[in-house]
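S.K.: Got a predicted structure plus its sequence, pasted below:
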Amino acid sequence: MHNTCKYFLLLIAFATTVANAATYELPPEGSDVVGAISIVTTGFHDTLIDIARRHDVGYQDIVRANPEVNVWVPGEGTEVVLPTRYVLPAAPRRGIVLNIAEYRLYYYPEPQGDEPAVVMTYPISIGRMDWETPIGTTKVISKVVNPSWYPPQSVRDERAAEGRPLGRIVPPGPDNPLGERAMRLALPGYLIHGTNRPAGVGMRVTHGCLRMFPEDIRYLFDRIAVNTRVRIINEPMKIGWHGDALVLEAHPLLASAPGKTTDEPLPDEPLADATKPDDAVAVPENPAEETGENAAAEKNPLTLVTERFVVATAERAGELDWSLVEVAISRSDGMPVAVGAGIKNAATSAAFE
């Protein structure tokens, strides 16, 4: 075969692999792990950012999985771990689930005909500490192609103080931080949108909205319908079953707890201002509604693991090896590891005492 043809076929194979890399067949109830850890070798011009985007991994994901590798100059021939194995969040497997603690979106599309159920997962950026992304249940209420940005006054004041003044409206184009697609949530002022700075995907950098790689938001935009349910959670410690093993995926706790929203979709609002994005309207916290999810930053990781363990073993008995749990927490690198197993008699497990 001619070398040019071989090269063309390799490009097709590579593109197909990348396009399907974030879609996994959904495991049956009682099984919670998808994907697999893999290793790639860097080229001369690669950065960790390049590799992360190529494999649909966020900034924090790639950095935590490769603590000894230089982000910008990893060096040719360096082995890089791809943390592409996931414990599914402890949330209903429908619609969109956004776990801000792991900077990741999960989408469970409705199966079509005889097609198997799948889950799609993508890295996201979340609100920084002074512009928290709240948790709760909401829905997509509108979708906009090439949105304009109406920065709130607080953002305009911030930019002006930095010597980078903003106008009242930022039109579509390369200077628009929303990118080419935006999906507005029923939470006033919050969007899932693209970005003109993809290197920041997987970081805590937004004004409360959820940013995605441009190619990811384009792909999902055409597949996600208005009124799709969106659940935003804060679950840094995820525990699930993989066969007979209990698997823990540990992430660092967010430095401050996000506010809590309503647990029911908010009523639809007029869509005239549907292109108003990154306007992080403050969501007041109600101490009476405080849950383990939005109080996660104030809890000990071992307490969070215990809570997740109780949920995971509600219908199937298991026990944890707490020495393995402590190692996983100390690393908090987002890579699932086995930390326990099922047992026949819960009464014999120290974890149940």
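M.R.: Nice, thanks for sending it over. Numbering: from 1, shown residues only.

S.K.: Residue 32 and residue 210, how far apart?
M.R.: According to Cβ to Cβ, to the nearest Å, residue 32 stands 23 Å off from residue 210. No exception for glycine: its C-beta is placed from N, CA and C like everyone else's.

S.K.: all helices for the stretch 51-200 of the chain, in order.
M.R.: Taking DSSP state H, counting those that start in this stretch as the test, the helices found in the stretch 51-200 of the chain are 59-65, 153-161.

S.K.: no wait, the stretch 251-353 of the chain
M.R.: Applying DSSP H, counting those that start in this stretch to the stretch 251-353 of the chain gives helices spanning 301-312, 322-331.

S.K.: Make CSV from the ones you listed and add distance to residue 36 and mean pLDDT to it.
M.R.: Formatted as CSV, the helices of the stretch 251-353 of the chain follow (distance: least, Cβ to Cβ, whole Å; pLDDT from 0 to 100):
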stretch, distance to residue 36, mean pLDDT
helix 301-312, 21, 96
helix 322-331, 18, 98
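
S.K.: what's the most buried one of those helices?
M.R.: Among these, helix 301-312 has the highest mean neighbour count (mean count of other Cβ atoms under 10 Å), at a mean of 18.

S.K.: Other residues contacting that helix?
M.R.: For helix 301-312, contacts defined as Cβ atoms under 8 Å, 6 or more residues apart in numbering pick out 32, 90, 235-241, 246, 248, 250, 253, 292, 296, 318, 320, 325-326, 329, 332, 340, 351.

S.K.: C-alpha coordinates for that helix, PDB please?
M.R.: Coordinates of each C-alpha in helix 301-312 appear next as PDB, following Å, rounded to 0.1, in the frame of the first residue of the first chain:
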ATOM      1  CA  PRO A 301     -12.200  12.600  53.700                       C
ATOM      2  CA  LEU A 302     -12.600   9.500  55.800                       C
ATOM      3  CA  THR A 303     -16.100  10.700  56.800                       C
ATOM      4  CA  LEU A 304     -17.000  11.200  53.100                       C
ATOM      5  CA  VAL A 305     -15.700   7.700  52.200                       C
ATOM      6  CA  THR A 306     -17.800   6.200  55.000                       C
ATOM      7  CA  GLU A 307     -20.900   8.000  53.700                       C
ATOM      8  CA  ARG A 308     -20.300   6.800  50.200                       C
ATOM      9  CA  PHE A 309     -19.600   3.300  51.400                       C
ATOM     10  CA  VAL A 310     -22.900   3.200  53.200                       C
ATOM     11  CA  VAL A 311     -24.700   4.100  50.000                       C
ATOM     12  CA  ALA A 312     -22.700   1.600  47.900                       C
END
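
S.K.: now it against helix 322-331, angle please.
M.R.: Put simply, helix 301-312 runs at 120 degrees to helix 322-331, going by axes from the mean of the first three to the mean of the last three Cα atoms, to 10 degrees.

S.K.: gap between helix 301-312 and the chain center?
M.R.: 20 Å (Cα atoms, centre = their mean, to the nearest Å).
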